[in-house]
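Engineer: Quick one: sequence plus predicted model below, questions after.
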Amino acid sequence: MHSELIYLDHHATTPCDPAVIDAMLPYLAGAFGNPSSTTHALGRAAAAAVAEARAEVARAIGAGSREIVFTSGTTEALNLALFGVMAAYPERGRHLVTTTIEHPAVLDTCVALERRGVEVTRVGVGADGVVDPAEVAAAIREDTVCVAVMAANNEIGTVQPLGEIGAVCRARGARLVVDAAQAVGKIPFEVDGCGADLVAFSAHKLYGPKGVGALYVRRRPKTLLEAQIHGGGHERGLRSGTLNVPAIVGFAVACRLARERLADDAARVGALRDRLLAGLRAAVDGVVVNGSLERRLPHNLNVSFAGVEGRRLIEALDGVAVSAGSACASSDLEASHVLRAIGVGDDRVHASLRFGLGRSNTAAQIELVVAKVADAVRRLGR
Ligand SMILES: *Cc1c(COP(=O)(O)O)cnc(C)c1O
């Protein structure tokens, strides 16, 4: 059906690795037990599978099993983290610090918190798309409960200096909440290395299934959290609801593969990304890279083509799956808040493409994409 499609939208989602699907199938069939049903073998088998998966998912970020809460994905994990932590420290205050380039899962949750009386300070970024730890430090107050900064941006791929930001948060008594959906499995990410207290990530961004993710909740020093979904007390009372066993098992296999392949994938896909940029620069005039090229995910490229409407360019790129911004933003006519935040002007903000490369891409595909973009830019008349 889509056999001809060149998929360059891996920031939106990734295909399930075949090994992930194989591992999930038994739990959709005969091994259907509820992990809470420990009175019989079927339930106990499911509980054992979840326990094993939990250890593997924890390992992906250098955490312990008891620090992992399974959720439906990063969005839910971030809602639990932000609402949960703001409710758990009333004596500290009602102030939250975040950045202007976060995913809507953080930005919109902050707006919802503001409606409930939380005060939010949004730290901006420079043209490089990198948050300055000194600005985060300046924004933290006596009553700041938490600071939310993403590990890597989903539009321009910029990697944030979390180590420094984490140290600032620790020194000032604020908890660090990290949206790591684009980082886990793509670049080295360890909870202790960055000093994060709460970390959210999704399986489907790292070749696992959709609809499952995790929230890491630090135990030492202990991070308090108030549950947002109430019921049977699953996940140590932090997220009630019967666990999605097949998805959790698939998530764990995806985490293991990502851990084993991280260095190789990053080197190979990073080289393809560099080839794509070099090819575009050679074939098209006025290519501008949005955000720092150095502090960037190896599989991301976000570029503007002066004078060409991004939307029309995407339409003209038959057989290539790319996006104008994030998956969430490209459906409406709103300009990307991330490109706005790094100071991209009106002329270029609608002339941008986000390329998200992945495991299955080949050099031949990249050459073809360069030729198709060059042809499309020419046809769109400059
Ligand atoms: C994809 C993504 C999310 C949302 O993940 P879901 O799995 O859709 O909940 C949040 N933040 C970032 C940076 C993302 O890339």
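Structural biologist: Okay, I see it. Residues are numbered from 1 along each chain as shown.
Engineer: Can you give me every residue that contacts the spatially most central residue of the chain?
Structural biologist: Against the mean C-alpha coordinate of the chain, by CA atoms, centre = their mean, the closest residue is A181 at 2.1 Å. Applying CB atoms under 8 Å, 6 or more residues apart in numbering to A181 gives the contacts 74, 103, 150, 154, 200-202, 205, 213. C-beta: built from backbone N, CA, C; applies to glycine.
Engineer: Of these - the most surrounded one?
Structural biologist: Neighbour count (other CB atoms under 10 Å) singles out A200 as the most crowded of the contacts of A181, with 33 neighbours.
Engineer: part of a helix, is that residue?
Structural biologist: No: membership of A200 in a helix is not supported by DSSP: H, G, I helix; E, B strand; the rest coil, which gives strand.
Engineer: so what's the closest residue to E119 other than its chain neighbours up against?
Structural biologist: Spatial nearest neighbour of E119, chain neighbours left out: H95 (4.9 Å); criterion: CB to CB, 6 or more residues apart in numbering. Residues in contact with H95 (CB under 8 Å, 6+ apart) are 118-121, 141, 143-145.
Engineer: other SSEs contacting the helix or strand bottoming out on mean pLDDT in the chain?
Structural biologist: Lowest on mean pLDDT, DSSP states H and E among the helices and strands of the chain sits helix 346-349, with a mean of 83. Packing contacts for helix 346-349, counted by 3 or more CB pairs under 8 Å, 6 or more residues apart in numbering; DSSP states H and E, involve helix 337-341.
Engineer: distance between the helix it packs on and the chain's centre?
Structural biologist: 17 Å (CA atoms, centre = their mean, to the nearest Å).
Engineer: T242 contacts S37, correct?
Structural biologist: No: assessed by CB atoms under 8 Å, T242 is found out of contact with S37, at 9.7 Å.
Engineer: Figure out how far stretch 140-154 is from the centre of its chain.
Structural biologist: For stretch 140-154 - counting by CA atoms, centre = their mean - the centre lies 16 Å from the chain centre.
Engineer: since we're on L107, how many residues are nearby?
Structural biologist: Using other CB under 10 Å: L107 sits among 17 other residues.
Engineer: Compute the inter-axis angle for the host helix or strand of it and strand 198-202.
Structural biologist: Taking DSSP states H and E as the definition, L107 sits inside helix 104-115. Put simply, helix 104-115 runs at 130 degrees to strand 198-202, going by axes from the mean of the first three to the mean of the last three CA atoms, to 10 degrees.
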